[in-house]
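> here's a sequence, model it:
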Amino acid sequence: MRWIVVLAASAVGATGADVRDFGAKGDGRADDAPAFEKAAAAGPLWLPKGDFRLARTVVLRADRGPVGLRAAGGATVWMEGSGPAFRIVGGHTGTADPRTLAPATAERERMPLLDGVVIAGRHPEADGVLLEGTVFATLTRLLIRRVRHAVILTGRNRNVIVSDCHLYDNHGAGLLLEKLNLHQVNVTGCHLSYNRGGGIVVRDSEIRNLQIAACDLEANMAADGPPAANLLVDTRAGSVREGALTGCTLQHDGKVAGGANVRMMGAGPDAPHRAGFFSIADNVLSDAAINIHLRLVRGVNITGNTFAQGYTHHLLAEDCSNLTVGPNTLDQNPDYDQGKPRNGVVFLGSTDSSIHGLHIHRARDPEASLLIRRCRRFHVTGTTILDSDGAGIWVDRSEWVRVSGSLIHDARGPKRPAIRVTGGRRIVVEGTLSGGAGAPSR
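Residues are numbered from 1 along each chain as shown. Prediction:
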């Protein structure tokens, strides 16, 4: 005899606490916040298909037991109040070292998980998700749009993963790391675009191990707002070190004055080490006022990237040290030749840096394709500069600079010097092959 056993579904099933069992309507009219709060007391939440309206923030207390939220396809949360739709609060006060992980934290908090839900704003001060005091928090497959800030990390967090998310069309930042103490954060496979206050924004924080990989960061700035960036790291208060931006596409909007694809700002001339120890590798950067803007940073490696349409600069480094700019392709592809970008590389007041294997084609900066001004202890080797509207390389009022093994040519005929040296001391130019653009001058 075969038996078929049917078990009644409990309020807390395999997927979590179904919010409908706690009074949620999901009809887009009722305020479902009270039902969410009741369900959260029973464990991680499960959202079926529906439109769930929240008039206030739902707080998920990880320090009181495992929390999270998973949703079926078609589940949308509409945030109609100010603040985040979901605020996840943990009790972790240690570091990333497992020896500092309290047993209660390890057993009860267990990786807060948000997965598969759409969050949309209907209030000018609505946010998406805020994390504070968490450990192993994981955000996956989220679409957050039309809020202020999509995801906020603040306070103290450790070992955070944000992956496969769409943070899109928000009037603040896509991912905001603010007033944050954090080690180990991985942002992978995400689409962050049209966030008018910046794509990934870091400010007033102490962060180590910031890894951004295989993401699309696009048009995260507004013409009528303050200068923003697809990636903004601002350590005028705080520090950010030990990080990488790898395999990403960063682009748009070149019409925004002061905008940048990547902008890193250090604390000041007496503490440039607070921003840096960072790798920018194998990315595509285009269509911004400045593709990469570094100010008062130390120890940044830029290599293997492809640049186009740097309307003011491809790369601007101000008062930096220990930069390595390796083989990168800076090329104005004719299919993208719009608005006459200047496409120059400029180092101002910087020290102790190396440029090797750089390829610059069709820079329109009237001064030079590569300008080194008021710098000290620079080594420039193996640089190829083609069809430059200005000088190929201009070394101005600098000292202890060696330029060697470069190829500088302008197929359009004589225009500007291949290499220009003005002022300064202990500058060596050797082994350069030039044509069309003239001979070195001093």
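> quick check, residue 417 in a strand?
No - per DSSP: H, G, I helix; E, B strand; the rest coil, residue 417 lies outside any strand segment and is coil.
> that one reaches residue 391, doesn't it?
Yes - using CB atoms under 8 Å, residue 417 makes contact with residue 391 at a distance of 4.9 Å. Bear in mind the C-beta positions are built from the backbone N, C-alpha and C, glycine included.
> regarding this protein, what is its longest helix?
Longest among the helix segments of the chain by residue count, using DSSP state H, is helix 33-42.
> now that one: how far from the chain's centre is it?
34 Å (CA atoms, centre = their mean, to the nearest Å).
> and that helix, C-alpha only, in CSV?
The C-alpha atoms that make up helix 33-42 are tabulated as CSV, following Å, rounded to 0.1, in the frame of the first residue of the first chain:
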residue,chain,number,x,y,z
ALA,A,33,5.1,46.9,8.1
PRO,A,34,3.3,45.6,11.3
ALA,A,35,3.0,42.1,9.7
PHE,A,36,6.7,42.2,8.6
GLU,A,37,7.7,43.0,12.2
LYS,A,38,5.6,40.1,13.6
ALA,A,39,7.0,37.7,11.1
ALA,A,40,10.6,38.9,11.8
ALA,A,41,10.1,37.8,15.4
ALA,A,42,9.6,34.2,14.1
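> sec struct for residue 171, please.
Judged by three-state DSSP, the three-state class of residue 171 is coil.
> do the same with residue 411
Residue 411 is classified as coil under three-state DSSP.
> with residue 149 instead?
Taking three-state DSSP, the label given to residue 149 is coil.
> residue 417 and residue 391: who's more crowded?
Set residue 417 next to residue 391 and count neighbours by other CB atoms under 10 Å: residue 391 wins out with 28 against 22.
> what are the ranges of the strands in the stretch 201-350 of the chain?
In the stretch 201-350 of the chain, strands defined by DSSP state E, counting those that start in this stretch lie at 216-218, 229-246, 249-251, 260-265, 275-281, 284-295, 298-303, 306-318, 324-325, 329-331, 345-348, listed in chain order.
> what's the closest of those strands to residue 32?
Evaluated over the strands of the stretch 201-350 of the chain, closeness to residue 32 peaks at strand 216-218, with 32.3 Å, by CB to CB.
> in its sheet, which strands sit next to that closest one, and in what direction?
strand 191-193 (parallel), strand 249-251 (parallel) (DSSP bridges).
> identify the residues contacting the closest residue to residue 111 other than its chain neighbours.
Nearest non-adjacent residue to residue 111, counting by CB to CB, 6 or more residues apart in numbering: residue 136, 4.0 Å away. Neighbour list for residue 136: 109, 110, 111, 112, 158, 159, 160 [criterion: CB atoms under 8 Å, 6 or more residues apart in numbering].
> ok, and the closest non-adjacent residue to residue 392?
Using CB to CB, 6+ apart, the closest residue to residue 392 is residue 408 (3.6 Å).
> where in the chain is pLDDT low?
The chain contains residues with pLDDT under 70 at 1-15, 337, 414-415, 437-442.
> list the contacts of the most centrally placed residue in the chain.
Central residue of the chain (CA atoms, centre = their mean): residue 231, 3.3 Å from the mean position. Residues near residue 231 by CB under 8 Å, 6+ apart: 199, 200, 212, 217, 245, 250, 261, 262, 263.
> now swap in residue 55 and tell me
Contacts here follow CB under 8 Å, 6+ apart; on that basis residue 55 touches 31, 33, 80, 81.
> does residue 83 touch residue 124 like I think?
No - checked against CB under 8 Å, the pair residue 83 and residue 124 is beyond contact range at 11.7 Å.
> which one of the two is surrounded by more residues?
residue 83 (16 against 9).
> which residue, other than its chain neighbours, is closest to that one?
In space, and not counting its chain neighbours, residue 83 is closest to residue 57: 4.6 Å by CB to CB, 6+ apart.
> please tell me how far the one you found sits from residue 188.
27 Å (CB to CB, to the nearest Å).
> repeat for residue 404
Distance from residue 404 to residue 188, by CB to CB: 40 Å.
> more crowded one of these two?
Neighbours were counted for residue 404 and for residue 188 using other CB under 10 Å; residue 188 has more, 18 against 15.
> what is the more buried one paired to in the beta sheet?
Taking DSSP bridges as the rule, residue 188 bridges to residue 163, residue 213.
> surely it touches residue 213?
Yes - because the distance of 4.9 Å satisfies CB under 8 Å, residue 188 is recorded as touching residue 213.
> wait, residue 275 sits on residue 241?
Yes - contact criterion CB under 8 Å: residue 275 and residue 241 qualify, at 7.3 Å.
> those two: which is more packed in?
More crowded of residue 275 and residue 241, by other CB under 10 Å: residue 275, with 29 against 19.
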